[in-house]
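1. Sequence plus the predicted model coming up.
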Amino acid sequence: MPENPSVWEVRLGMYATPQQAEEIKERIARLLCSDPDHAPPCPIPWSVSLLHGAGPGDDDPYPELVEQAEAEKHLRP
């Protein structure tokens with residue numbers, strides 16, 4: 001019995017500058033569609049977007065990333 005397609009969401013949390021985040025977004029887009037100039041639609045519809053993490057005082061969905069980044073700052077020579 002074939003499964004019915006549905007929408008799936010893959011989340012990726014990263015501690016990065018806006019420029020680094022945009023670069024990663026573009027790399028992911030190229031993984032999903034290696035030929036951006038093809039005639040639409042893509043065989044598997046997809047989208048990608050960037051969402052800025054929480055600000056001071058907000059609930060942070062990835063507190064472990066900030067903690068890891070801070071710890072690694074202290075390990076660098």
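-> Everything's here; your move.

2. Please go through this structure and pick out the longest helix.
-> helix 18-32 (DSSP state H).

3. Pull out the CA atoms of the helix or strand following it and give them to me as CSV.
-> Next in sequence after helix 18-32, counting helices and strands by DSSP states H and E, comes helix 63-75. Extracted C-alpha coordinates of helix 63-75, given in CSV (Å, rounded to 0.1, in the frame of the first residue of the first chain):
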residue,chain,number,x,y,z
PRO,A,63,20.6,26.8,24.2
GLU,A,64,23.1,24.0,23.8
LEU,A,65,24.5,25.7,20.6
VAL,A,66,25.2,28.9,22.4
GLU,A,67,26.8,27.0,25.3
GLN,A,68,28.9,25.0,22.9
ALA,A,69,30.0,28.0,21.0
GLU,A,70,31.0,29.9,24.2
ALA,A,71,32.9,26.9,25.4
GLU,A,72,34.8,26.6,22.1
LYS,A,73,35.8,30.3,22.2
HIS,A,74,37.8,29.5,25.4
LEU,A,75,39.5,26.5,23.8
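
4. So what touches helix 63-75?
-> 13-15, 60 (Cβ atoms under 8 Å, 6 or more residues apart in numbering). For every residue, glycine as well, the C-beta is placed using N, CA and C.

5. Tell me how confident the model is about the longest helix of the chain, as a mean pLDDT.
-> On average, the pLDDT along helix 18-32 is 93.

6. Kindly report the same for stretch 37-46.
-> Mean predicted lDDT for stretch 37-46 stands at 86.

7. tell me, what residue is most central in this protein?
-> residue 12 (4.2 Å; Cα atoms, centre = their mean).

8. Now for the contacts of helix 63-75: which two are most distant?
-> Using Cβ to Cβ, the pair of these lying farthest apart is 14 and 60, separated by 13.3 Å.
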